[in-house]
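>>> Just need the structure, nothing else, for what follows:
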Amino acid sequence: MSDKILKFIDVIPSKGTITPGTSLNVLGGVINPGESVTVKITLWGKAEDIWKPLLSQEVLLEEKEHKHLYFTIPPEIFQKEYWGLKDLEEIELLISDKIPEKDTPGKLIFVEGR
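The predicted structure follows:
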């Protein structure tokens, strides 16, 4: 991995509310300010205080490249059982090449009850 810091652009979900049993499309962006590098970019999800890796892509980022990444989150991610919770009301989403800190803010997605 390069010693340069990648800049991550906020994730953009296709909707702000999701119903369990459906998938969700997410767009994220990353800017590489330094030399070319191949890196694993992960879409992270957080429910309550638990960050989990949801999906990953290994991407080649050319020097000074701005790249869009597309993820489709499968339906099982929006089930309370996946997170080990009694109720799942919201999930935060974030893309990064490393696990976010516990208090790192993400993009909020609301989960409707059935």
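>>> residues in contact with Leu108?
Gly16, Glu90, Ile91, Glu92 (CB atoms under 8 Å, 6 or more residues apart in numbering). (Glycine included, C-beta is placed from N, CA and C.)
>>> Any of those buried? List them.
Ile91, Glu92 (16 or more other CB atoms under 10 Å).
>>> Turn the contacts of Leu108 into TSV, including secondary structure.
Output for those, formatted as TSV (DSSP: H, G, I helix; E, B strand; the rest coil):
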residue	secondary structure
Gly16	coil
Glu90	strand
Ile91	strand
Glu92	strand
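>>> gap between the two ends of stretch 18-30?
With CA to CA, to the nearest Å as the measure, stretch 18-30 spans 25 Å from end to end.
>>> Check which residues of that stretch are buried.
Ile18, Pro20, Leu24, Val26, Gly28, Val30.
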